[in-house]
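Asker: pasting the sequence and the predicted model now:
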Amino acid sequence: MRDLILLRHAEALPLSAGGNDRDRPLSLRGEAEARDAGAWLRAQNAVLDAALCSPARRARMTVERALDAEGADLLPRFVAGIYEATPGDLLALLEQHAADAQGVLLVGHNPGLEQLLALLTEGVSDPVRGMPPASVAWLRLDETRPLDPGSAGLRAFWSP
């Protein structure tokens, strides 16, 4: 893997009384944020050959809108383990589902994504950099090294 692009799901509607967190959809603002994230990736000439996404509705909606705006002809893979994942879980899922890909988009949730960002760039998962809804962290990886703490450089960061 050469590039790992972390995308936090866009703004979602609040949890309704008796609702299920996994079923929360994006707000109208969130839908626009997701499209803007995809447009930013297109403007940066991102090359994606794999997309892994949490199965939560807000994450699914985010990846669909982002990939559509990015222009990628790519079907995302929905991986249950991304929801509520730790940085270690996310690293294992990347190795399991995207080891041969060069450009990987990972769409998920905090605190897992922001902790993964800190782990890969700083070597520790605390303190975290923070990833607001729909933010994108583009990491450049050294293909000769495994995905270890401190093994990535932050190529770009975008937030709506």
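Answerer: Right, received. Where do you want to start?
Asker: what helix or strand is residue 133 on?
Answerer: Assigned by DSSP states H and E, residue 133 belongs to no helix or strand.
Asker: got the contact list for the residue lying closest to it once chain neighbours are set aside?
Answerer: Spatial nearest neighbour of residue 133, chain neighbours left out: residue 11 (4.5 Å); criterion: Cβ to Cβ, 6 or more residues apart in numbering. For glycine as for every other residue, the C-beta is placed from the backbone atoms N, C-alpha and C. The neighbours of residue 11, taking Cβ atoms under 8 Å, 6 or more residues apart in numbering as the test, are 26-27, 29-30, 33, 133-134.
Asker: need these in JSON lines with secondary structure and distance to residue 75, can you?
Answerer: Shown next, in JSON lines, are the contacts of residue 11 (DSSP: H, G, I helix; E, B strand; the rest coil; distance: Cβ to Cβ, whole Å):
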{"residue": "26", "secondary structure": "strand", "distance to residue 75": "19"}
{"residue": "27", "secondary structure": "coil", "distance to residue 75": "25"}
{"residue": "29", "secondary structure": "helix", "distance to residue 75": "26"}
{"residue": "30", "secondary structure": "helix", "distance to residue 75": "22"}
{"residue": "33", "secondary structure": "helix", "distance to residue 75": "22"}
{"residue": "133", "secondary structure": "coil", "distance to residue 75": "24"}
{"residue": "134", "secondary structure": "coil", "distance to residue 75": "21"}
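Asker: export these as TSV, with columns for neighbour count and distance to residue 43.
Answerer: Formatted as TSV, the contacts of residue 11 follow (neighbours: other Cβ atoms under 10 Å; distance: Cβ to Cβ, whole Å):
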residue	neighbour count	distance to residue 43
26	25	22
27	16	24
29	15	21
30	23	20
33	25	15
133	22	20
134	28	15
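Asker: show me which of those is closest to residue 58.
Answerer: residue 26 (5.4 Å; Cβ to Cβ).
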